[in-house]
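Asker: Just need the structure, nothing else, for what follows:
(chains A and B)
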Amino acid sequence: MSNYPIFGCYYYPNSSQHIKSYAHLSHEQITLVDSENTALLASTIDDCQLDSPLPGMASELIFANGGRFIPQDVEFRWPLSLKKHGLSERLEKNKVLIVASVLLIPLLLWLILYRLIPSAAVYSVNLAPTSTIETMGEHTLSVIEKVALEPSQLSTKKQTQIQQQWRLMLNSLNLDSAKFRLSFYQSDYFSANAFALPNGRVVVTDELVELLKNEPDALRAILLHEIGHVQHHHSIRLAAQAAASTVVFAVIFGDLEGILEVVLGSGSSFLQQAFSRDMEQEADEYAIKNLLKLGYSNHDFADAIEALENNLKAQEATLDDTWLKYLSTHPSSQKRIEYARQYKPL
Amino acid sequence: MESIHPTSPKSNHTLSSIFSGKVQFSGKSGEFFGIWSVNILLSIITLGIYSAWAKVRTYRYFYGHTRIDGHSFDYLATPIQILKGRILAVIVFLIYTILSSLAPAIGLLFAIGFLFLLPWIINQGLRFNMRMTRHRNVRFAFSGNYGDAFINFVLLPIASVFTLHLLLPYVLKRIDQYMHENISYGNKPLTVNLQGERYYIAALITLGVAIGGLVIFGFFAGASALTIDNLNTQNFSLSTIVVPLLIAALYIAFLTLVGAVYHSLIRNHIFNNSEFTEVATFDSNLKAIDYAILLFTNVLAIIFTLGLAYPWAKVRRAKLLASVTEVTIYSGVLSLIDVAQNEQSSFAEEAANVFDIDISLT
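Answerer: This next block holds a predicted model:
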């Protein structure tokens, strides 16, 4: 096939010496000669190695002694290269595949990040033993306690009253009262708020109790929302998803330079926010369903959100920062209120 | 030895330069786009396994298209080598994540352990990258030791905090000195002579640009905060999406600008003060403004094409960096010997990637 010589550069083994040379190819034999036609090297093809070819790059031939011959012509491909050898290069030069990958990559990434990982995360929940989740929850609480919580200032009477209401609710829903525990804290950081830890501990701030002191049904709705987070294993799923997406991004995109990591990083934090919005919705639904089951009204939940929303709006003038923070992780309050008001049990 | 004559003019005679000119970069964005997009697709379809092949092919493309005196660089790592390191790194990362989310206290313990592991990861990563780099059939090597790396990457940065960061430019100089002076090409070590005062000057200039940038950034942020209020009443959901994006874009622009200024000043200084004695000297003439504009337009292009401009941006950057770098090669290059080297694991390099440690050389 190649009777004409191939011009290129021969690098001597283990040294920086090189020489311009010509490769002659005949049957199973390769002979290198210099410009004066003096033979430099002869080898059988079987003793040579080829790197997998890359578009736009010369295909170098590696001899058994470690010497290398690099053809001048970057398009030149050795006729002896095995069929499968150039597969990657043929794919990389295939226009149809390039266009297809531009369309398929976002689609597949979406499938992996929004479908595959979230559903895999649901299964990962069953892998974590209860005792581990218990320590996980208590450890997390002790960290938050140090950073943002103060002992509750609520009267013992008020606390007992809410605890009674809580136990009553757990009993009617057949929930384990050893698992689901209610704690009160005062917190400037969280203000009127409640959160749930993965082991079933629900924390309510004094400020929230104060805000809803005339609406016990609204407080119940919020507690149910927090139980919903625990029942759906939201914190564990979120942690598993975050770890999995970090790995996916690192593996698929490899090491991007500095600033691009920032861009991609903010992309993945948007992703996390989208997930936590979905999870809020799930917890809302759980709360409303169980309110109805317990014989209360779906409007209780709407009232609770409305009260929180009004409270936040009142604070907005002084603390617009928290307002933005709240908006970014929760679905629009208006939507949540509407959803709750129009809820129809199936 | 008894000569009292100055030796420099004489040594210029014994040392003849055989090449002097710019580094050439011949990669094409169209071509690399195909490699990049198809490789990502294959990586996804193979659940990440092909990503090791993708990495090797990308590196080979960029190394192979970078030429000095007509000779290209070669990237020598094999995909299997990368894959093994990558799998190990992902396993370690997952164990770390699981343990630290189970108990934050363990996370803290990890953070302390990490400080002691960091010098090792950096050394191994640099060692791997250097050993996998070849030029004219001669490989590079990195010979830094743990003690020095610990001082430069852990002790000095911590000490710098207690000096209100006044020590920081000196620490950065020490880090660059360490990372470069331990490089050797074949049997020839790189001689590096960095000056601390140049780092302080670079830091002052960068600080000046940063303050100037912050004033402008603050102005824009203030203006956009005003638009929040204006939009709120009419189109409330739009403003909550657009404004944070706008602020993020400005923030990225700001970081790009500041980073470009510092990097160009320091890159020039490092190149101009490093040499492989009797083999090669370097000259870098990267203008901060050119680099800043290039990086900034790169980021904009990548954002507005939703990532599709990445190959173009990467090729464009490589082209600029090559075009401002001049290398003079001396006859000593012809007598270099490739030092025999052991097999090397890519674990540290891959761990640095997953854990997001930047160990790139300028």
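
Asker: Quick check: phi and psi on B:T277?
Answerer: phi -50, psi 130 (degrees, to the nearest 10).

Asker: right, and the secondary structure at the closest residue to it other than its chain neighbours would be what?
Answerer: Once flanking residues are discounted, B:T277 sits nearest to B:T191: 5.7 Å by C-beta to C-beta, 6 or more residues apart in numbering or on different chains. The way it works is simple: take the backbone N, C-alpha and C, and place the C-beta from them, glycine included. Per DSSP: H, G, I helix; E, B strand; the rest coil, the secondary structure class of B:T191 is strand.

Asker: so B:T191 touches B:S274, yeah?
Answerer: Yes: contact criterion C-beta atoms under 8 Å: B:T191 and B:S274 qualify, at 6.8 Å.

Asker: So for these two, which residue has more residues nearby?
Answerer: Using other C-beta atoms under 10 Å in any protein chain shown as the criterion, B:T191 and B:S274 rank with B:S274 on top: 21 against 13.

Asker: shaky segments in the chain?
Answerer: This is for chain A. Low-confidence segments of chain A (pLDDT under 70): A:1-3, A:80-85, A:255-268, A:316-331, A:346.

Asker: Switch to chain B, please.
Answerer: Residue ranges of chain B with pLDDT under 70: B:1-14, B:102-104, B:220-245, B:340-343, B:353-354, B:356-362.

Asker: Show me where it has its helices.
Answerer: B:8-14, B:29-45, B:51-64, B:79-102, B:104-131, B:146-150, B:156-162, B:168-181, B:196-234, B:236-272, B:288-304, B:310-323, B:347-354 (DSSP state H).

Asker: Give me the buried stretch members for the fifth one, please.
Answerer: This means helix B:104-131. B:107, B:110, B:118-119, B:121-131 (16 or more other C-beta atoms under 10 Å in any protein chain shown).

Asker: what angle do it and helix B:51-64 make?
Answerer: Following axes from the mean of the first three to the mean of the last three C-alpha atoms, to 10 degrees, one obtains 40 degrees for the angle between helix B:104-131 and helix B:51-64.

Asker: Now for the residue nearest to B:T277: which residues touch it?
Answerer: B:181, B:274-277 (C-beta atoms under 8 Å, 6 or more residues apart in numbering or on different chains).

Asker: 10 Å instead, please
Answerer: By C-beta atoms under 10 Å, 6 or more residues apart in numbering or on different chains, B:T191 lies in contact with B:180-181, B:273-277, B:281.

Asker: Could you tell me how far it is located from chain A?
Answerer: 18 Å (C-beta to the nearest C-beta, to the nearest Å).

Asker: again with B:T277
Answerer: For B:T277 relative to chain A (C-beta to the nearest C-beta), the value is 15 Å.

Asker: Who does A:F195 form a beta bridge with?
Answerer: A:V203 (DSSP bridges).

Asker: Can you give me the neighbour number for it?
Answerer: A:F195: 15 neighbours (other C-beta under 10 Å).

Asker: likewise B:Y63?
Answerer: The number of residues near B:Y63, taken as other C-beta under 10 Å, comes to 19.

Asker: just to revisit the earlier point, anything in contact with each of B:T191 and B:S274?
Answerer: Shared contacts of B:T191 and B:S274, counting by C-beta under 10 Å, 6+ apart, come down to B:180-181, B:281.

Asker: Just the closest of these to B:S345, please.
Answerer: B:S345 lies nearest to B:H180 out of those, by C-beta to C-beta, at 23.3 Å.

Asker: Contacts only, for the closest one.
Answerer: B:142, B:190-192, B:194, B:270-271, B:273-274, B:361-362.

Asker: Drop anything exposed from these.
Answerer: B:142, B:190, B:192, B:194, B:270-271, B:273-274, B:362.

Asker: where do the helices sit along the stretch 101-250 of chain A?
Answerer: Assigned by DSSP state H, counting those that start in this stretch, the stretch 101-250 of chain A shows helices spanning A:117-127, A:130-148, A:156-172, A:206-211, A:216-231, A:234-253.

Asker: The buried residues of helix B:104-131: which ones sit near chain A?
Answerer: Contacts with chain A within those, as defined by C-beta under 10 Å from any C-beta of the partner chain: B:G107.

Asker: want to try CSV for the helices of the stretch 101-250 of chain A, with distance to chain B and mean neighbour count as columns?
Answerer: Output for those, formatted as CSV (distance: least, C-beta to the nearest C-beta, whole Å; neighbours: other C-beta atoms under 10 Å in any protein chain shown):
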stretch, distance to chain B, mean neighbour count
helix A:117-127, 10, 15
helix A:130-148, 5, 15
helix A:156-172, 26, 14
helix A:206-211, 24, 20
helix A:216-231, 16, 22
helix A:234-253, 4, 21
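
Asker: Out of the ones you listed, which is closest to B:L42?
Answerer: Using C-beta to C-beta, the helices of the stretch 101-250 of chain A put helix A:234-253 closest to B:L42, at 10.3 Å.

Asker: Now do that closest one against helix A:130-148, angle only.
Answerer: 90 degrees.

Asker: mind checking how far helix A:234-253 is from the chain centre?
Answerer: 3 Å (C-alpha atoms, centre = their mean, to the nearest Å).
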